[in-house]
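K.L.:
Give me coordinates for this.
(chains A and B)
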2 protein chains.
Amino acid sequence: MDPHTLTVELGDRSYPIVIGRGLLGGHYDLASRLAGNDCLIVTNVTVGPLYLDSVRPCFGDRQVHSIALEDGESFKTVATVEKILDELVAQGAGRDTTVVALGGGVVGDIAGFAAACYMRGVDFIQVPTTLLAQVDSSVGGKTGVNHPGGKNLIGAFHQPRIVLIDTDTLTTLPEREFRAGLAEVIKYGAIVDAAFFDWLEASMPALRGRDAGALAHAIRRSCELKADVVAEDEREAGKRALLNFGHTFGHAIENSMGYGDWLHGEAVAAGMLMAAAMSGIEPGQYDRLRALIEAAGLPAAPPPVGADKLLPAMQLDKKAKGKRLRFVLLRALGDAYVTADYDEAALAQILEGAGA
Amino acid sequence: MDPHTLTVELGDRSYPIVIGRGLLGGHYDLASRLAGNDCLIVTNVTVGPLYLDSVRPCFGDRQVHSIALEDGESFKTVATVEKILDELVAQGAGRDTTVVALGGGVVGDIAGFAAACYMRGVDFIQVPTTLLAQVDSSVGGKTGVNHPGGKNLIGAFHQPRIVLIDTDTLTTLPEREFRAGLAEVIKYGAIVDAAFFDWLEASMPALRGRDAGALAHAIRRSCELKADVVAEDEREAGKRALLNFGHTFGHAIENSMGYGDWLHGEAVAAGMLMAAAMSGIEPGQYDRLRALIEAAGLPAAPPPVGADKLLPAMQLDKKAKGKRLRFVLLRALGDAYVTADYDEAALAQILEGAGA
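P.N.:
Residues are numbered from 1 along each chain as shown, chains lettered A, B, ... in the order given. Next up is the predicted model:
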């Protein structure tokens, strides 16, 4: 089956998302995507041993360097970015070098930010190997690292030149990470596509069984929806903020617990239900969201960290424009909006519930 | 005398350069330029005590924080950027905060890069207080820091919202730094404006005496020329590279000696003469450039670091696209071009001369 190609329309920074099976094993041509003669593949110690040998031939006879980071969100720091920059300098990499991210969202965020900073910006290719990265973080150009004071506080908008999604890489993805990726898939249905939400309800068993056809559709539709939003609002001045549904609560959960204890997708799953509760949507709709999250094997309730920790963590979150909190809420499944005009009492109640 | 305003034309990122006397003392309105309610002024321990009290009232009743960095190129590092980011996080600064650079080129480069990285980019205002920053580094959006392996290797393109040039700040500028700024002024004449070069020859005594009228014209014309080049080629895909005249040699001189021993402008002055020698321009024109550099009190010859050090330092320089060196050379005064097609023997001879 030929790969399917979407385009993120951003004028002279437009780029393709190529989705298919066996792209790495089939030595998909990435060499022709390089501006110069060399690239640096950034991966981690988990993904590197699995896929580095497959991806190298994609670059033909070009000069390929690689660096393997430690695995985990706790390494998503400025110090790790500096390691990559040191490596680029050590190679004498020029302005026409390309940084390639091979791995999940953490690898993509770090490698993309290093590419954004090296010589004020060099080319960047995304080869996401986790479900979360394939449906969300590899598309749209958000790069960055965490600060002890908050997630993704340090970063850049830096679009990739191509996103290459080989869905076969999901065969090696641990179960818990796979489920975490489903949270972002569910999110697209919840915020902008009620029909896709319906499809997910019907297809969750097939997805959980990693059925290739179901996965291909879920990834393709998620990427289409994300590409549309990013094309319309690259720098999150408006519509793109909808993609943060569940994330204000989710980031606060991650931040209060220290990164790494809950996976991002797990925190987002619980966060989506907190946001849905705050939205005051029809109970039947809330129950459907809850049931889908549970069917995906994701947590429907936050951990017992307590309102006293969650509220300050939310206030530092980037979505807090000025000092006023902003939330993505639902009118109904498939119909989200951004607002700073929310019910304080409802928020307090939801946060208290989190402390229970 | 009313301030003079130029515009850097970059579509929705266009911004004014306001040039005049007494702008800080007159409490020029910067408050209305802030997106939100607060700003962080980044300055250093030398400039802060001189101008922080003057600049604060420009922000009216907005919340103004400040941070004073150590003074000098050796502090232009990622570690210093992290200090600024820590300060922004500690204040709970949001996406609508503004970073204000008050100082010379080093302060502007560091503060601008911090603004580019915080929350993937917040607003940025330049208040340059040195001649070099007023005529060159504050305009055009190049921000960044040094890496032990090379100057400005880590950074971003991040345009300011406004550049506010109070020429009265030059009254406190040390003589050596003032002269170093003149190197960049001479550069504009040498690369694109023969008439301005003529004017500089006639006006150098007045400039050296810091005559207000002469300074105003030199700064205004330099900013006009830079704004035109930046508007045409923001990211240095073509014409903007002309602004690097003397800089490939100059950066190599700085890099071989360790930053801080020679000032940037001093290295550029010597570098311009090396580039002019390599250009094979008419001897009379070379002699005019040399005489003007000497009249500005700048070094006409590089320090005796030796070709064995200068050549590798040049090869890491950003201007080295791929592995081939590129130089900005002159056809004549006021007429520069970029080329990778240069006389190797001439380069070797010039570098040997540097070792003498």
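K.L.:
quick one, what contacts A:Arg120?
P.N.:
B:142-144, B:152, B:155-157, B:235 (CB atoms under 8 Å, 6 or more residues apart in numbering or on different chains). Bear in mind the C-beta positions are built from the backbone N, C-alpha and C, glycine included.
K.L.:
Take those and lay them out in a markdown table including secondary structure.
P.N.:
Converted to a markdown table, these look like this (DSSP: H, G, I helix; E, B strand; the rest coil):
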| residue | secondary structure |
| --- | --- |
| B:Lys142 | strand |
| B:Thr143 | strand |
| B:Gly144 | strand |
| B:Asn152 | strand |
| B:Gly155 | strand |
| B:Ala156 | strand |
| B:Phe157 | strand |
| B:Arg235 | coil |
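K.L.:
Would you check which pair of those residues lies furthest apart?
P.N.:
B:Asn152 and B:Arg235 (14.2 Å; CB to CB).
K.L.:
In terms of neighbours, single out the busier of those two.
P.N.:
More crowded of B:Asn152 and B:Arg235, by other CB atoms under 10 Å in any protein chain shown: B:Asn152, with 20 against 12.
K.L.:
isn't the more buried one right up against B:Gly112?
P.N.:
No: in this structure B:Asn152 lies outside contact range of B:Gly112 using CB atoms under 8 Å: 11.6 Å.
K.L.:
shared neighbours of those two, which are they?
P.N.:
With CB under 8 Å, 6+ apart, B:Asn152 and B:Gly112 have common neighbours B:142, B:144.
K.L.:
The spatially closest residue to A:Gly105 that is not a sequence neighbour and A:His65, how far apart?
P.N.:
Computed as CB to CB, 6 or more residues apart in numbering or on different chains, the closest residue to A:Gly105 that is not its neighbour in sequence is A:Ser137, at 3.8 Å. Counting by CB to CB, to the nearest Å, the gap from A:Ser137 to A:His65 is 23 Å.
K.L.:
Compare the two and say which is more crowded by neighbours.
P.N.:
A:Ser137 (25 against 16).
K.L.:
can you pull the contacts of the residue nearest to A:Gly105?
P.N.:
With CB under 8 Å, 6+ apart, A:Ser137 has these contacts: A:104-105, A:108-109, A:128.
K.L.:
How about A:Gly103?
P.N.:
A:Gly103 neighbours (CB under 8 Å, 6+ apart): A:42-44, A:46-47, A:127-130, A:133.
K.L.:
Please apply the same query to A:Asp166.
P.N.:
A:20-25, A:28, A:127, A:129.
K.L.:
and the stretch 51-200 of chain A, which residues reach chain B?
P.N.:
Counting by CB under 8 Å from any CB of the partner chain, the positions of the stretch 51-200 of chain A adjacent to chain B are A:78, A:82, A:85-86, A:89-90, A:92, A:94-96, A:116-121, A:142-144, A:147-150, A:152-157.
K.L.:
Backbone dihedrals for the nearest residue to A:Glu234 once chain neighbours are set aside, please?
P.N.:
Setting aside the residues directly before and after it, A:Glu234 is nearest to A:Leu10 in space (CB to CB, 6+ apart), at 6.1 Å. Backbone torsions of A:Leu10, given as degrees, to the nearest 10, read phi -140, psi 50.
K.L.:
do the same with A:Val338
P.N.:
According to degrees, to the nearest 10, A:Val338 has phi -100, psi 140.
K.L.:
got it, and the one 5 residues further on?
P.N.:
Main-chain dihedrals, A:Asp343, degrees, to the nearest 10: phi -90, psi 110.
K.L.:
shouldn't it be in contact with A:Met278?
P.N.:
Yes: under the criterion of CB under 8 Å, A:Asp343 makes contact with A:Met278 at 7.2 Å.
K.L.:
quick one: which of the two has more around it?
P.N.:
Set A:Asp343 next to A:Met278 and count neighbours by other CB under 10 Å: A:Met278 wins out with 20 against 13.
K.L.:
No more questions from me, cheers.
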